[in-house]
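Student: generate coordinates for the sequence data below:
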Amino acid sequence: MYCVQCGSALAPENKFCTSCGAPAYRPSSESFAAPSVAPVTPAVIAAQPMAAAPIFQAVPQPVYYVMPQATHTHTVQQLNLLKSLQGRIQSLASTEQLEGFSLGQMFSEVFKKRSAEQVEDYILVGSAKTTPPIELVETGWPRPWLFFRVLAVMIAAYIVCTFTLMHLSDAGNMIPAVMILGSFAIPLATLVLFFELNTPRNVSMHVLAKLFLFGAVVSLAVALLGYTLPIFNLGTWEAGIVEECAKLLTCVIVMRSVRYKYILNGILFGATVGAGFACFETCGYALNSAFLPGLFQGLGQGQSEGAAMHTAIVSMLGILRMRGFMAPLGHIAWTAIAAGAFWRVKQGHPTTLSMLFDTRFLKAFMIPVSMHALWDAPNFMQLPFYGNSIITGLISWYVVFGLVQQGLRQVKEQQKGHLQQTLQTVEASMQPAGSVAIS
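Tutor: Numbers count the residues shown, from 1 in each chain. Predicted coordinates for the structure are as follows:
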């Protein structure tokens, strides 16, 4: 005899299954009557009534409670925290959630082949003859590509100069070239990226070159002057206030013309001043914090002049690589946010002091100031593996893209206004003389 529940063998005297505990089912002796040997036909089957199925007593099954996995809980908590942080950033920057944004789509044309004439036409914009009319301006997410070519060329030149400096004798004249290329390569490529994000195409390379040089010199001088004030002699936290204010004021004073009225223009101007500041600052760090200390230290330890020079060059290259990789996450993005928020208030109006106290600007300006302060946080607040720089950089670029989205919408509104004005002009010209327009 076998258990009808689990199929285990049962002894005749067992009333319950020893495996699953189900009651033993013993059919009556009538159930074992010998079957008839008469042939079975469809008619016989149809004539016989169906036997009722035996009814068994339901055996309650054990119920197990499975605790939720900790990883799932942590994932939900992380997502909620990320959404909360995203909402706070948007509220502070007065931006909206990104729509239709994709890094893959944005950089999809990086490796597309273009002729020399196409590259020249792409660069020659911003003058009265080369600025496209507002109705032809793209209002979707831009697809930059020129920045990558600039980056590839400058990195290639940097590698050649570095190889020459490290492997050829009497190559000391290459030190300034390596220092300049290492300091300028990535910031300049990032600046070209912002130049391509400026879809109105109303800012020329000539204007950017002047702003890059003049803005860098003035902002550095203003920052150094600010550090001499007693109120800012507090440690490392004051860098976020002093340097961000210096760069923004330089950008506002130099580019105060009402010709540039778009938010995208302000973002580009801020990125230009920030790039110049970053390049010159990196040169200063490479010389004063790496090369000269390394050289003097080697000579002080009794090394030969060649060995001490090699030690200084290696130290300088380390500073150049580290600051070069981190350049897009710092000054360039920070000043782009500050200037973009200011141009969002300024637009096409003359610059006034009251614009600097506008609530929307002040709230957004606190983002680069706080990101800069966290970047330069004391050692006891530094995360490993450049965690402070990466986190603050990602937050800064999220705000940058939010401002770019607002700039694209502003251009679209300008297009609608220009189209409505054109339609009204056409309708007025088509009305017969002496007729009265009915509103």
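Student: from here on, contacts and neighbour counts on C-alpha atoms
Tutor: Fine.
Student: how about the nearest residue to Gly172, chain neighbours excluded?
Tutor: Closest residue to Gly172 apart from its sequence neighbours, by Cα to Cα, 6 or more residues apart in numbering: Leu165 at 6.7 Å.
Student: that neighbour: neighbouring residues, count only.
Tutor: Neighbour count of Leu165, defined by other Cα atoms under 10 Å: 20.
Student: ok, now Gly318?
Tutor: 13.
Student: can you check Val119 too?
Tutor: There are 11 residues near Val119, going by other Cα under 10 Å.
Student: and it, what pLDDT?
Tutor: On the pLDDT scale, Val119 is placed at 93.
Student: now the helix or strand harbouring it: buried residues?
Tutor: If you go by DSSP states H and E, Val119 is part of helix 116-123. For helix 116-123, the neighbour count (16 or more other Cα atoms under 10 Å) marks Ile123 as buried.
Student: touching the next helix or strand after it from outside, list them.
Tutor: In the C-terminal direction, the helix or strand that comes right after helix 116-123 (DSSP H and E) is helix 146-167. Outside helix 146-167, the residues that touch it by Cα atoms under 8 Å, 6 or more residues apart in numbering are 110, 119, 171-172, 174-175, 177-178, 181-182, 185-186, 188-193, 196, 310.
Student: so where do the strands sit in the stretch 1-150 of the chain?
Tutor: Per DSSP state E, counting those that start in this stretch, the stretch 1-150 of the chain carries no strands over any range.
Student: any weak-confidence spans in it?
Tutor: In the predicted model of the stretch 1-150 of the chain, residues 1-2, 4-5, 16, 19, 21-74, 78 satisfy pLDDT under 70.
Student: make it 80
Tutor: Scanning the stretch 1-150 of the chain for pLDDT under 80 picks out 1-82.
Student: Ala9 contacts Cys3, correct?
Tutor: Yes: the pair Ala9 / Cys3 is scored as a contact, 6.4 Å apart, by Cα atoms under 8 Å.
Student: the two: which has the busier surroundings?
Tutor: Using other Cα under 10 Å as the criterion, Ala9 and Cys3 rank with Cys3 on top: 20 against 13.
Student: pull up the gap between the more buried one and Glu238, please.
Tutor: 82 Å (Cα to Cα, to the nearest Å).
Student: again, but for Val222
Tutor: According to Cα to Cα, Val222 and Glu238 sit 14 Å apart.
Student: list residues touching both of the two?
Tutor: Counting by Cα under 8 Å, 6+ apart, Val222 and Glu238 have no common neighbour.
Student: just the buried residues of the contacts of helix 146-167.
Tutor: Burial by neighbour count, judged by 16+ other Cα under 10 Å, picks out 175, 177-178, 181-182, 185-186, 188-193, 196, 310 from these.
Student: Val258: which of these is nearest?
Tutor: Val258 lies nearest to Glu196 out of the buried ones among the contacts of helix 146-167, by Cα to Cα, at 21.3 Å.
Student: tell me how far the closest one lies from Glu96.
Tutor: From Glu196 to Glu96 the distance is 22 Å (Cα to Cα).
Student: quick one: end-to-end distance for stretch 106-122.
Tutor: 17 Å.
Student: go on, stretch 352-367?
Tutor: Per Cα to Cα, stretch 352-367 runs 22 Å from first to last residue.
Student: next: stretch 100-109.
Tutor: Across its full length, stretch 100-109 reaches 17 Å between end residues, using Cα to Cα.
Student: show residues contacting it.
Tutor: Stretch 100-109 is contacted by residues Trp141, Pro142, Arg143, Pro144, Trp145 when judged by Cα under 8 Å, 6+ apart.
Student: same question, stretch 310-319
Tutor: By Cα under 8 Å, 6+ apart, stretch 310-319 touches 166, 175, 179, 285-287, 290-295, 298.
Student: of the residues you listed, select the buried ones using a PyMOL command.
Tutor: Buried members of the contacts of stretch 310-319, identified by 16+ other Cα under 10 Å, are gathered into one PyMOL selection as follows:
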select buried, resi 166+175+179+285+286+287+290+291+292+293+294+295+298
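Student: mind listing which of the contacts of stretch 310-319 are in helices?
Tutor: Counting by DSSP state H, the part of the contacts of stretch 310-319 found in helices is Met166, Ile175, Met179, Tyr285, Leu292, Pro293, Gly294, Leu295, Gly298.
Student: now do the same contact list for the fourth one.
Tutor: Applying Cα under 8 Å, 6+ apart, one finds that Tyr285 lies in contact with Ile319.
Student: for the residue lying closest to Ala239 once chain neighbours are set aside, give its distance to Trp237.
Tutor: The shortest distance from Ala239 to any non-neighbouring residue, by Cα to Cα, 6+ apart, is to Ala373 (6.5 Å). Ala373 sits 5 Å away from Trp237, taking Cα to Cα as the criterion.
Student: try Gly215
Tutor: For Gly215, the distance to Trp237 - Cα to Cα - is 23 Å.
Student: which of those two has more neighbours?
Tutor: Taking other Cα under 10 Å, Gly215 and Trp237 do not tie; Gly215 has more neighbours (30 against 19).
Student: what sits against the more buried one?
Tutor: Going by Cα under 8 Å, 6+ apart, the list of residues near Gly215 reads Lys247, Thr250, Cys251, Val254, Thr272, Val273, Gly276, Phe277.
Student: what do you get if the cut-off is 6 Å, keeping everything else the same?
Tutor: Going by Cα atoms under 6 Å, 6 or more residues apart in numbering, Gly215 touches Val273.
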